Structure formats: structure tokens, C-alpha cells
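I'll drop the sequence and a predicted model, then ask my questions.
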Amino acid sequence: MRTRFAPSPTGFLHVGGLRTALYSFLIARQTKGTFLLRIEDTDQARSVPGTVENILKTLDWAGIRPDEGVVPDNGQVAQKGAKGPYIQSERQGLGLYRKYADELVAKGHAYPCFCTSQRLEEMRKTQEAKKQAPMYDRLCLKLSAEEVRKRIAAGEPHVIRLKVPHERTITFTDEIRGEMRFQGHTIDDQVLLKSDGFPTYHLAHVADDRLMEIDLVIRGEEWLSSLPKHLLLFEYLGWPPPKYAHVPLLLNKDRSKLSKRQSAVAAEDYIAKGYLPEALLNFLALLGWNPGTTQELFSMDELVEAFSLDRVQKAGAVFDTEKLDWLQGQWMRKIPLKEFTVRIRPIVAGAYPAAAADPAFEKKAALIRERITFFAEAPAMLGYFYEEPQPTVELLANEKQKVTKALLPGALQKIEEILREIPEKEWNEERVLAAVKAEVAKGEWKLGQLLWPLRASLTGRPFSPGAVEVACALAAERGTEAVFERLERGKAVATR
RNA sequence: GGCCCCAUCGUCUAACGGUUAGGACAACGGGUUUUCAAUCCGUUAACCAGGGUUCGACUCCCUGUGGGGCUGCCA
């Protein structure tokens, strides 16, 4: 199948857009078809420079690579394919939108309208006051052919409007929603060609999806109400319409359409926060779609395999990122240690330059891999390896662990004695822990009373990997004396 | 207001008329090498309402209610 994603360059890639792009991409891959990227920039006023580069960069990050259309080329915007150009403002020069508009006028399915925006505004106000549906009143439809010719010849600004057949019922079967019907008399005479000669979305997407031979249009539910206009256009132009799949909207917590005001909506925001593409994509895929099994974790390949439109939900989905965070952790833990090390090393080195050439860095990375959620947390989680910890009495003592300030010197003394008895060669996590537990078994000390002060002395932090883990890592790298030095410092603080 | 779409735990969702309404996230409780995590185990938690159809409705139909979208020479 030939599918497409056709964003407007209004600043950034919306997460909802990323989801429809993903769905379109999945269908294309699944059917060994083509995924095409087209830029819909017919509204010059709303186009924001740099957006296309941004969208391309974000899609690339997500692993969604267009086979055709607008594609990235070393950070530049390039176009690929025989049905281009793929940027509508560039297609404007081809004159095809005007051609189709004229064809519709000639066939009697569209007409020029000279009404000013002021008049339209007043008309709507009046209609609203009368509790009527705001719709164009077809004033210009009454104009004689002669008058139309004259006014156009005189260069009077005008638009081309679709003439919607009021007596007809338009029916259609959506890939997700099934059968739908619309009454013609409730549909407004949509502007197809603006007075600046640019097409509106309605005409442009119909023409381009036809010309680019798109089989399936996946887009947001907000387009559902204009679907009949699009169907009419295909019919009047003598083309079979593509299949349409209107996906449910992404929602704010209050269930309104996901908006910038209430939530982070730019895909870049999530990249900046440190989310893995695997996690975001997995999350987006599961918002509104389910595989029918209990599988929750999906790689792109697995999504290509499992995805189907008939399992896409009809109702909107709240964009609640709690599950995203969980998925992030899951995908984080799937990263092989070697790769994990490569990825966090520069980040840690940014805070602690010694990490850059640290031969024991991978061992340290292993310590935090199971507990980290974002790469950016790594420096804080490993800092005590690169700077001497500065524990305080408040940290060393811990009410919950039943380590009072009075008990502290004795506890530190005891843990030191235990550790001293283990020959340096025998230091490993099992051995050290067994030694501590053997002491606990005697009944005088509780596990936490010994381990907490040790951990706090070694790290100087309220949170860290376990005391035994840190002690062994430190001993392996610098010898057990490094551990005892820190223990001494803890004792000094405790007895001060 | 008009048109269109939708409706299961707080959130994402499963259920092809017959289930103690299942799973995941979150929350809560507990286990684990102490803390924060991770991990394991457990608990709390839902069929919007009313009518039909049917031997039997979360499932089908109708009505109501609620929510959302659209209602631009924006997309």
C-alpha cells in the first residue's frame, strides 16, 4: 500500500502527528508498500521556517523513514520520487490546483464567490444570532455567467467554492469507524481555492493523494466532518477515493483535544526529556491500538508484524505519560551493557571529566543500569566515584534504620571490623554480604544498622546502589583501602 | 445552536450473547542486599442511565445523558 503522512509546517511535530505517521508507516511496511512524506504548506501565513527540517529530524529519530517524498539528506531537506514535487507550495507553480478548480466550475460543481470576509463575518453573526448553522448563503451562486466573467476580468478578488448537493446523502465506510452518512444540506460550500490562488487543504489533499496514488489516508478524527466534501471532490473529478482511517484523538487530562496549553505536545519535548525512541513509539502505538494479546513491549519490527487498523480504538485516548515512563524504564533495561556504557560515558564525563578515560567505567555503568530511567540521571548516580563523598551526621544516622547518632560510631567500627576480616582477594558481593549477615545473626546488630552507615559513608548520598555493591566496586577498582578511607571519614564525621 | 463521532477500573485497554468482567500503568500493602530504584507477590478499582430484542446482554436496537470534534479564504 502507498500511505502518507502530510503535516503542515507550523512549528513542530505534534505527538498526535507522530502517531498517525507511525500508523501509516507500519501499514506501508507491513504491506511492503511505500510510505510517503508530503508537506502541506498552502497557508503561507502559518508556515514556520525550519519546521520541515525539524519534522524530518524527529521522524528520523523515531526510525520512521519516508521511502518517497520529502526525505532527509545530511540534515538538508531533499525530495525523492517521480510524483513530486512533494511540497505543496512548490506544486502550486504547476497550476494543477487551479486546473482542477476550473474543471469543477466548468462541470457545475463549484462556483466563484466574490464575497468579502467582512460580509461573510456579518452573515455568520446574523446566522448565529438566529441560532442557525453558520453556512455560506450562496449569494454568489445567483450571479449570472456574464457578471461573473466581467468581475473576474476586472480582477476582482474571488474564491472558488464547492457546490454541495443539498439533496444528497453521502455515505462512506471508514476503515476504523465503519459506515457513516452525511446529509448534503448540512454541509457548507467549502472554499477550494483561496483568493491568493492557493488551494485549501480540502482541494490540495484530494488532488495530491490522487496524483501521488495514495491508497490509504490515515489522519486524525478532526477531519471526519469534512470527509463528505473530500468524497464529493473525488467523485466530481472522476477519481475513486482512497481508503480512509480516522484515528481517535489524543486527549488532555480533561479529555479535550490534546493542546500545547495543557500538555507537552511536541515530539521534540519528549526527545529533550531523554525518552528513548523505542519507548515513545511503543507508548504511542498502544494509545488507541492493542494487539489483542497481553504483549505490552513492542519493537518497531514487532509493530510492523502485529499492527492492524481493525484493532484501533474509536474513542479518544488521554495522553497520560505515566505508562510512558514505565516503558522508558523497560526499554532502558533492554540496552546491552556495552551500548549503555557508550551512551552514558560522555554524559557522565560532562560532569566528571575523569570518566572519559576511566578503565573501570563499564563496571560502574553496570551498577546503575537496572535502576536508571533517563541517561541524564547517570552523573548524579555515579558522582561518588569521581569525587570524595561528604557525608553528614544527619545522613549517616537514620531513624528508619534504627541508627541513632549515638549508635553511629559503634556501627561504623563494627562494619569496618567485619570488612577487615575479609582478605582482599575474597572481596565479592556474596562474600561481603555473608560476612555482614553472620554478624547480624549474633543478634546485636540489625542489617540496616550496619549497611546504612556504610553506604552513606561510601556515597555521601541519600540514594544509591546498595552498600555492598558500591563497596565491592570501589574495592575492585582502587583496592579495599579506598573503602576504609571513606569509612574513616564517616567515623570522623560521626564522632565530631 | 447545527452536523458528526464516541462511551468498560483514576489512565491505556481485553471481551467475536453465556467469564467470579481479564491484563497493563498508577495507587496501596508485602518479600528481596539496608535507602531510592529495579524486581517478585498481593490488594483496592470499571460495564453512563432507562427501555426494548433474547432462555440469557458489557456485547444487538432505541431513547436519554455525558464527553469530544467540526462548524475559517487554518490545517
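Sure thing, it's come through.

The residue of chain A most remote from its centre and residue A:413, how far apart?
The centre of chain A is farthest from one residue, residue A:442, which by CA atoms, centre = their mean lies 55.0 Å away. Distance, residue A:442 to residue A:413, using CB to CB, to the nearest Å: 15 Å. Glycine gets a C-beta too; all of them are placed from N, C-alpha and C.

how deep is residue A:393 tucked in, by neighbour count?
When neighbours are counted by other CB atoms under 10 Å, residue A:393 registers 14.

where does it land on pLDDT?
For residue A:393, the pLDDT comes out at 87.

try residue A:427
In this model, residue A:427 carries a pLDDT of 89.

does it really touch residue A:473, like I thought?
No - here residue A:427 lies out of contact with residue A:473, judged by CB atoms under 8 Å, at a distance of 10.2 Å.

Which positions in the stretch 301-450 of chain A make contact with RNA strand B?
Residues of the stretch 301-450 of chain A lying close to RNA strand B (CB under 7 Å from any atom of the strand) are A:311, A:313-318, A:320, A:322-323, A:325-326, A:329-330, A:333, A:370-373, A:400-401, A:429-430, A:433, A:447-448.

Would you mind giving me the PyMOL syntax to select the buried ones in those?
The buried residues among these can be selected in PyMOL (16 or more other CB atoms under 10 Å) with this line:
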select buried, chain A and resi 316+317+329+372+401+433+448
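
Now, the residues of the stretch 301-450 of chain A next to RNA strand B that are in strands?
Mapping these onto strands (DSSP state E) picks out A:317-318.

got the domain boundaries for chain A?
Chain A breaks down by automatic domain parsing into domains covering A:2-90+A:250-317, A:95-247, A:335-385, A:393-495.

give me the number of residues near the nearest residue to residue A:374 once chain neighbours are set aside?
Closest residue to residue A:374 apart from its sequence neighbours, by CB to CB, 6 or more residues apart in numbering: residue A:274 at 3.9 Å. By other CB under 10 Å, the residues close to residue A:274 number 15.

wouldn't residue A:274 be in contact with residue A:347 here?
No - Residue A:274 lies out of contact with residue A:347 (CB under 8 Å); the separation is 9.7 Å.

re earlier: roughly how far does the residue farthest from the centre of chain A sit from RNA strand B?
17 Å (CB to the nearest atom of the strand, to the nearest Å).

Would you agree residue A:390 is in contact with residue A:461?
No - using CB under 8 Å, residue A:390 makes no contact with residue A:461, being 9.7 Å away.

Compare neighbour counts for these two and give me the winner.
The residue with more neighbours, out of residue A:390 and residue A:461, is residue A:461; 16 against 11, by other CB under 10 Å.

ok, the more buried one - contacts?
Each residue near residue A:461 by CB atoms under 8 Å, 6 or more residues apart in numbering is listed here: A:383-384, A:389, A:395.

Switch the residues you listed over to TSV; also include secondary structure and neighbour count.
Formatted as TSV, the contacts of residue A:461 follow (DSSP: H, G, I helix; E, B strand; the rest coil; neighbours: other CB atoms under 10 Å):
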residue	secondary structure	neighbour count
A:383	helix	18
A:384	helix	20
A:389	coil	18
A:395	helix	20
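
tell me which of those is nearest to residue A:355?
Of all these, residue A:355 sits closest to residue A:383, with 9.9 Å by CB to CB.
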